[in-house]
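Novice: attaching a predicted model along with its sequence, questions to come.
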Amino acid sequence: MTQHGDAKRNDVSVISGGAIYQTLPTTEAYVDGPCTRAYTAGATLAVKDIVFLNTSAQWVLADANSAATLSVGTLGVVAIGGSSGDTVTVALRGSVVKFAAASFTAGPYWVSETPGGGTTTKPTSGTSNAILAFFAPTTTTCHVEFMGFTVTGA
């Protein structure tokens, strides 16, 4: 048995069984890992849109040209979309998501200069942020990353 690393000195809780493994999802829009339905859409959001949580606590389309994309720091990929005001399901960093109708090119995807989009080409213009959104190991699966934030001019 292994003691949980965050346990307090007088905490007697123990975690047993070893590692917890994520599985490769087989169902459309299935998320294995962190996701949320806690906030509503601030615009119409489609499956696979890359979004960020704005200061009004709404998911809106992320844009590599917008400094606001980094202002809150919470980014995600839409697993189940909806119209403005609807509750949507957003996969957060560390999730694996299955999109049956996707046609990803295997490799990294960056937040695009087109709102909500992802691109396999890292943005390099003087007004863009280079934000790694997810990695696609197959044509229908993505591993949500959101790391390596680099402000290049936005």
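Specialist: Thanks, I have it. Nothing here was measured: the structure is a model prediction, and the numbers come from that model.

Novice: make it CA atoms for all contacts and neighbour counts henceforth
Specialist: OK.

Novice: name the helix or strand for the residue lying closest to Ala62 once chain neighbours are set aside, please.
Specialist: Nearest non-adjacent residue to Ala62, counting by Cα to Cα, 6 or more residues apart in numbering: Val51, 4.6 Å away. Val51 is part of strand 50-53 when elements are defined by DSSP states H and E.

Novice: now that strand: mean pLDDT?
Specialist: The average pLDDT within strand 50-53 is 91.

Novice: then stretch 56-76?
Specialist: Mean predicted lDDT for stretch 56-76 stands at 81.

Novice: dump the residue contacts of the most centrally placed residue in the chain.
Specialist: Closest to where the C-alpha atoms of the chain average out (Cα atoms, centre = their mean) is Gly76, at 2.8 Å. Residues counted as contacts of Gly76 (Cα atoms under 8 Å, 6 or more residues apart in numbering) are Ile50, Val51, Phe52, Val90, Ala91, Leu92, Arg93, Val144, Phe146.

Novice: rerun that using 10 Å as the cut-off
Specialist: Gly76 makes contact with 34-36, 48-53, 59-62, 89-93, 95, 133-134, 144-146 under the criterion Cα atoms under 10 Å, 6 or more residues apart in numbering.

Novice: ok, now Lys122?
Specialist: Ala64, Pro108, Tyr109, Trp110, Val111, Ser112, Glu113, Ser128, Asn129, Ala130, Ile131, Leu132.
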